[in-house]
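> Need the 3D shape of this:
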Amino acid sequence: MSRDDILCGCGVDPDLTSEGTQMAREFGEAFRAFPFEAIFCSPLLRTRATAQPISELAGLVPEIREDLKELDLGKWEGLCRSEVMQKYHDDYLRWEADPAWYAPTGGETANALVLRALRVVEEIKGRFDKGAILVVSHKATIRALLCALFGIDVCRFRHRFDCPLASLSVIEFGDHGPLMRALADRSHLSEQMRKLK
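Just a heads-up that it's a prediction; the model follows:
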């Protein structure tokens, strides 16, 4: 969902707003000295623009992964919620009730989203024994993935984890599985950026 209440999944690819660009810069400055081993990024323009400042400052080239893109909203892409309710009423109600199993009209389910995002997690775990990996993705993708990793019903992904713009969640993988170290942290942003709706 964009600031203008337009449904914006993987089929709509806007650039960052000026505020989004500022948030990306502030993230980059805050973590410029952090020793990331690699950066993985969705192919969409807004995520690549978000990753650009930290990539340049850290001297890393983002590894683009299709599986990190945002939820496919199908025929709902670019429409506002009221238009979707009018044109695709029954599909919308089913999706609202259980997005894990019911897809937006012509789109994908949250379960399908999780399956593809988990492929990237498994790739990272297979390639890196230790160290920090930065993954730059999207709100629905991140929240659905967190549900899957922490045993929460994926149909509740919109209601279990917050994921504000330019936030950082930290997951540590150890012998006992994933451990949440930080969730939706925005302390790296200026107060002005944190207060934006």
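
> hey, which helix is longest across the protein?
helix 110-127 (DSSP state H).

> Toward the C-terminus, what is the element adjacent to it?
strand 132-136 (DSSP states H and E).

> which residues sit against that following strand?
If you take CB atoms under 8 Å, 6 or more residues apart in numbering as the criterion, strand 132-136 is touched by 31, 34-42, 47-48, 50-51, 54, 62, 68, 120, 124. The way it works is simple: take the backbone N, C-alpha and C, and place the C-beta from them, glycine included.

> lowest-pLDDT helix or strand in this structure?
Ranking every helix and strand in the chain by mean pLDDT, DSSP states H and E puts helix 157-160 at the bottom, with a mean of 93.

> got the angle for the longest helix of the chain vs strand 132-136?
Between helix 110-127 and strand 132-136, the angle comes out at 150 degrees (axes from the mean of the first three to the mean of the last three CA atoms, to 10 degrees).

> Next one: the most far-flung residue of the chain relative to its centre from residue 76, what distance?
Ranked by distance from the centre of the chain (CA atoms, centre = their mean), the top residue is residue 86, with 27.6 Å. Distance from residue 86 to residue 76, counting by CB to CB, to the nearest Å: 12 Å.

> Next: residue 8.
Distance, residue 8 to residue 76, using CB to CB: 10 Å.

> Cheers, nothing more for now.
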